[in-house]
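Peer 1: Sequence and predicted model, in that order:
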Amino acid sequence: MADGGIMRKCFVFACVAAVLTSLSPAQTPAMPAKADDSPPSSSTSADSSLTDIFESKIKVEWEALKNKDRKAYGELLAEDYQGVEVDGRGERTKIQALNELANTNVFNYTLWGLKVIPLGPDAALVIYESTMQFPPKSAIRYSRVYISEVWVKRAGHWKELHYQETRVK
């Protein structure tokens, strides 16, 4: 009888295990529905389009800094632009940033790691890194910074509203 009790317990255990195993897929939570009804491809292409736009604008921005091109740089900045650089001198307005352009000593630069985070149809956060090279006789030859920029669409044109850089060691 002892052997029959053990076999019965094993049988009951096996049946319970089989039932639990068959139920486990049914207990897997369903994937949450997407917040919007747009197909993934349109979202991906919109993000890709924004990335292309900002890659181009940021290249223009850094070429303007390198070439001390006040007109090209000024066209990118919103009228209420605010920028904070690693030099510790605080916030700069558009006019201050443009006035300092003549003293910029960026000899060359490398941009990488661009990431665009849409904040709505008319705003985006753009994050990237820049390694700046300064003229050969400069005391400091290179500086690497992590950059966050907020861009807004105004009157149909993307303008840089805020610039923040942090030194990367």
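Peer 2: It's in.

Peer 1: how near is the most centrally placed residue in the chain to Leu77?
Peer 2: With distances taken as Cα atoms, centre = their mean, the residue of the chain nearest its centroid is Lys115 (3.3 Å). Counting by Cβ to Cβ, to the nearest Å, the gap from Lys115 to Leu77 is 21 Å. Any C-beta I mention is one placed from the backbone N, CA and C, and that applies to glycine too.

Peer 1: since we're on Gly158, how many residues are nearby?
Peer 2: Actually, residue 158 is Trp. It isn't Gly. Close neighbours of Trp158, defined as other Cβ atoms under 10 Å, add up to 20.

Peer 1: circling back: is the residue nearest to the centre of the chain in contact with Ile127, as I believe?
Peer 2: Yes. Using Cβ atoms under 8 Å, Lys115 makes contact with Ile127 at a distance of 4.7 Å.

Peer 1: which other helices and strands contact the longest helix along the chain?
Peer 2: Criterion DSSP state H: the longest helix present in the chain is helix 40-67. Applying 3 or more Cβ pairs under 8 Å, 6 or more residues apart in numbering; DSSP states H and E, one finds that helix 40-67 contacts helix 70-76, strand 108-120, strand 123-133, strand 142-154, strand 157-167.

Peer 1: Repeat the analysis, applying 7 Å as the threshold.
Peer 2: helix 70-76, strand 108-120, strand 123-133 (3 or more Cβ pairs under 7 Å, 6 or more residues apart in numbering; DSSP states H and E).

Peer 1: Out of the ones you listed, flag the one nearest Lys57.
Peer 2: Minimum separation from Lys57 across the helices and strands packed on helix 40-67 (Cβ to Cβ) falls at helix 70-76, 6.3 Å.

Peer 1: Now do the buried residues in that closest one.
Peer 2: Within helix 70-76, the residues scored as buried using 16 or more other Cβ atoms under 10 Å are Tyr73, Leu76.

Peer 1: For that helix, name the packing helices and strands.
Peer 2: helix 40-67, helix 94-100.

Peer 1: Would you list the strands that the next helix or strand after that helix pairs with, along with their directions?
Peer 2: Going down the chain from helix 70-76, the next helix or strand is strand 77-84, by DSSP states H and E. According to DSSP bridges, strand 77-84 forms sheet pairs with strand 91-93 (antiparallel), strand 157-167 (parallel).
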